[in-house]
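Engineer: Got a sequence here, can you model it:
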Amino acid sequence: MGNRLSKIATRTGDAGMTGLGDGSRVEKDHLRICAMGDVDELNSEIGVLLAIPLPSSVSQALQDLLLQVQHDLFDLGGELCIPNYTLLKEAQVSRLDEWLAQYNATLEPLSEFILPGGTMAAAQAHICRTVCRRAERSVVRLGWDVEINDAPRQYLNRLSDLLFVLARVLNRAAGGQDVLWKHEKKETK
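Structural biologist: Below you'll find the predicted structure:
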């Protein structure tokens, strides 16, 4: 990378355009830039989750997992930044499937919907999940206009599921429970 990042304020975006990794320029509200921004926001929200003290029983394992996800999201952002380029690999999607199966196996099956909440860490994992879903929608939308690889979309889809499961794991590890949705069942005639 060398001196690539030595100058932060370039003023090249003052007119509403920005550069992509291949040197081309697009509007700052281009679908590609929106998708990149949503992935960047997700990575930042995961950074907030990592800044929250996690229960000691899961702390190191989840910190390692979330740090790897942050690196993967940087790959995903790089792939979005460079049209027709591949950085995110199928192995990264498969790793999410493995983590999802591993952590979900430790949880009781759900019979009701749950509300985002519980501990601070679990609530932040739910925020990460919702931002992940938005990033996924942005990548899907971009894919309707330009050709993109399958891995970015698949990765975000699996990651949102994993973040849901991790929120449940974090509540349980802190001695809490899922916050169940209480609703009135109305009789229909």
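Engineer: Give the buried residues for the helix ranked longest in the chain.
Structural biologist: In the chain, with assignment by DSSP state H, the single longest helix is helix 120-145. Buried residues in helix 120-145, counting neighbours by 16 or more other Cβ atoms under 10 Å, are found at 121-129, 131-136, 138-139, 142-143. Glycine gets a C-beta too; all of them are placed from N, C-alpha and C.
Engineer: Just checking the distance from the helix or strand following that helix to the centre of its chain.
Structural biologist: Once helix 120-145 ends, the next helix or strand along the chain (criterion: DSSP states H and E) is helix 150-173. Taking Cα atoms, centre = their mean, to the nearest Å, the mean C-alpha location of helix 150-173 is offset from the chain mean by 8 Å.
Engineer: what helices or strands is helix 150-173 leaning on?
Structural biologist: helix 59-81, helix 90-104, helix 120-145 (3 or more Cβ pairs under 8 Å, 6 or more residues apart in numbering; DSSP states H and E).
Engineer: as a whole number, average confidence for it?
Structural biologist: If you average the pLDDT over helix 150-173, you get 96.
Engineer: As JSON lines, the helices and strands packed on helix 150-173 with mean pLDDT and distance to residue 156 would be great.
Structural biologist: Converted to JSON lines, those look like this (pLDDT from 0 to 100; distance: least, Cβ to Cβ, whole Å):
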{"stretch": "helix 59-81", "mean pLDDT": "95", "distance to residue 156": "8"}
{"stretch": "helix 90-104", "mean pLDDT": "97", "distance to residue 156": "10"}
{"stretch": "helix 120-145", "mean pLDDT": "97", "distance to residue 156": "4"}
